[in-house]
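>>> sequence first, predicted coordinates after that:
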Amino acid sequence: MTVPSDRSKEFEQVALVHAESLLRVAQRVTRNHHAAEDAVQETLLSAWRSFHQFETGTNCKAWLFKILINLLNKSRSRPVLVIVDLPGTVVLENVTPIRNNYEDLARSDVIAAIESLQEEQRIVLLLAALEGFTCKEIGVMLGVPIGTVMSRLSRGRAEVRRALQPRNSTNEFSVGARS
């Protein structure tokens, strides 16, 4: 189905602006830049083909991420998210630090703690903290109730906090251990 020209401009304005965000998450999932680019292109193509079903005024970013997640779930039985170092210039608003009383935590400790999470907790934590989606939006994207999203987010944050607790006074950190 072809999209009328007025919808074509709308697609450019509301969908294409999210390509960079889609690529960022796709790279974490696929761990491969070329595969991530392919996934984003396929997502945008799919969105373009079904743009006639998109309701103007609704959250296009969440709609696109749902398409991406569904596509990645079809192409991989179990998607794996990768944590990447963000440049120091990136400002994350409305994100509560996991631990702010351990200034000397190495970035690798935090990355290892997040990587050690169960996949369900990791994807929810990344979508909420890095991409800024609400629990309701994440629930729609993943096809799970909002309570499940909130539970996974809470458990994921608690696991990361636990993993970053110092084991003893010599500043050794327990990444995968449970208390």
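Cool, the structure landed.
>>> the nearest residue to Thr148 once chain neighbours are set aside: what secondary structure?
Ranked by CB to CB, 6 or more residues apart in numbering and with sequence neighbours excluded, the top spatial neighbour of Thr148 is Gly139, at 7.0 Å. Placement of C-beta: from N, CA and C, glycine included. For Gly139, the assignment made with DSSP: H, G, I helix; E, B strand; the rest coil gives helix.
>>> what about Gly139, neighbour count?
Residues within reach of Gly139, counting by other CB atoms under 10 Å, total 18.
>>> again, but for Gly143
There are 11 residues near Gly143, going by other CB under 10 Å.
>>> how close does it sit to Asn73?
Noted for Gly143: a distance of 10 Å to Asn73, by CB to CB, to the nearest Å.
>>> about what we covered before: so who does the residue nearest to Thr148 touch?
Pro145, Ile146, Thr148, Val149 (CB atoms under 8 Å, 6 or more residues apart in numbering).
>>> which of those are buried, as a PyMOL select command?
Buried residues within those, by 16 or more other CB atoms under 10 Å, are selected in PyMOL with:
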select buried, resi 148+149
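>>> turn the contacts of Gly139 into CSV, columns for distance to Leu126 and secondary structure.
CSV is the format used below for those (distance: CB to CB, whole Å; DSSP: H, G, I helix; E, B strand; the rest coil):
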residue, distance to Leu126, secondary structure
Pro145, 19, coil
Ile146, 17, helix
Thr148, 16, helix
Val149, 12, helix
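>>> just list what the helix or strand bottoming out on mean pLDDT in the chain packs against, helices and strands only.
Of all the helices and strands that make up the chain, helix 107-115 has the lowest average by mean pLDDT, DSSP states H and E, namely a mean of 79. For helix 107-115, the packing partners by 3 or more CB pairs under 8 Å, 6 or more residues apart in numbering; DSSP states H and E come out as helix 119-129, helix 146-163.
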